[in-house]
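Novice: sequence first, then the predicted structure:
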Amino acid sequence: IKTNFESNLELALKNYNMTADPHSEAVDTIQRMLHCCGVQNYSDWERTEYFSQKGIPPSCCKNQNDCSEQDLKDPNKAQLKVFVNGCFFLVTSTMESKMSVVAGISFGIACFQLIGIILSCCLSRYITNNQYEMV
């Protein structure tokens with residue numbers, strides 16, 4: 001899952017644009033909510049086509065009012081204005097911290113399924129026994 005997520009995040013950065021693309025919106029949402037930028041760090045944006053046109057996206061900014069487009073085009077200035085930590089580690093650590101909740105819910109659902117199987121077997125056995133008594 002981690003490898004797949006990392007490659008998809010890198011692909012989303014590579015194809016990032018400011019249109020209503022769902023992948024670009026997801027990248028922006030992750031960067032705003034987790035206070036991160038790029039995959040490993042903010043310098044990942046330097047290898048994208050978007051950076052050559054507009055610099056680092058505004059969703060990486062620590063303070064939206066203090067980020068100008070000129071600052072975002074210069075990596076040295078941007079380092080002071082944007083989140084420097086990458087999103088990959090933050091997303092995976094958040095997922096891993098919630099894994100016990102997911103496992104508990106999955107176990108609970110599995111128990112209900114098992115109870116359903118046992119009750120259906122009991123019902124099948126009861127119906128089979130009653131048919132033989134009728135004949």
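Specialist: That came through, no problem. Numbers count the residues shown, from 1 in each chain.

Novice: so what's residue 42 up against?
Specialist: Residue 42 makes contact with 56, 60, 75, 78-79, 82-84, 86, according to C-beta atoms under 8 Å, 6 or more residues apart in numbering. Glycine gets a C-beta too; all of them are placed from N, C-alpha and C.

Novice: now list the buried members of these.
Specialist: 56, 60, 78, 82-83, 86 (16 or more other C-beta atoms under 10 Å).

Novice: okay, how far is it across stretch 76-92, tip to tip?
Specialist: Stretch 76-92 has its terminal residues 28 Å apart, counting by C-alpha to C-alpha, to the nearest Å.

Novice: next one: stretch 44-56
Specialist: 9 Å.

Novice: which of the helices or strands spans the residue nearest the centre of the chain?
Specialist: Most central in the chain under C-alpha atoms, centre = their mean is residue 91, positioned 6.2 Å from the mean C-alpha point. Here residue 91, judged by DSSP states H and E, is contained in helix 87-97.

Novice: which strands or helices does the following helix or strand past that helix pack on?
Specialist: Using DSSP H and E, the helix or strand that follows helix 87-97 in sequence is helix 99-134. Where contact means 3 or more C-beta pairs under 8 Å, 6 or more residues apart in numbering; DSSP states H and E, helix 99-134 is not packed against any helix or strand.

Novice: and helix 99-134, how far out from the chain's middle?
Specialist: On the basis of C-alpha atoms, centre = their mean, to the nearest Å, helix 99-134 sits 34 Å off its chain's mean C-alpha point.

Novice: what does stretch 50-61 give?
Specialist: Using C-alpha atoms, centre = their mean, the offset of stretch 50-61 from its chain centre is 21 Å.

Novice: ok, now stretch 4-16?
Specialist: Using C-alpha atoms, centre = their mean, the offset of stretch 4-16 from its chain centre is 11 Å.

Novice: could you pull up the mean pLDDT of it?
Specialist: Stretch 4-16 shows a mean pLDDT of 89 in the predicted model.
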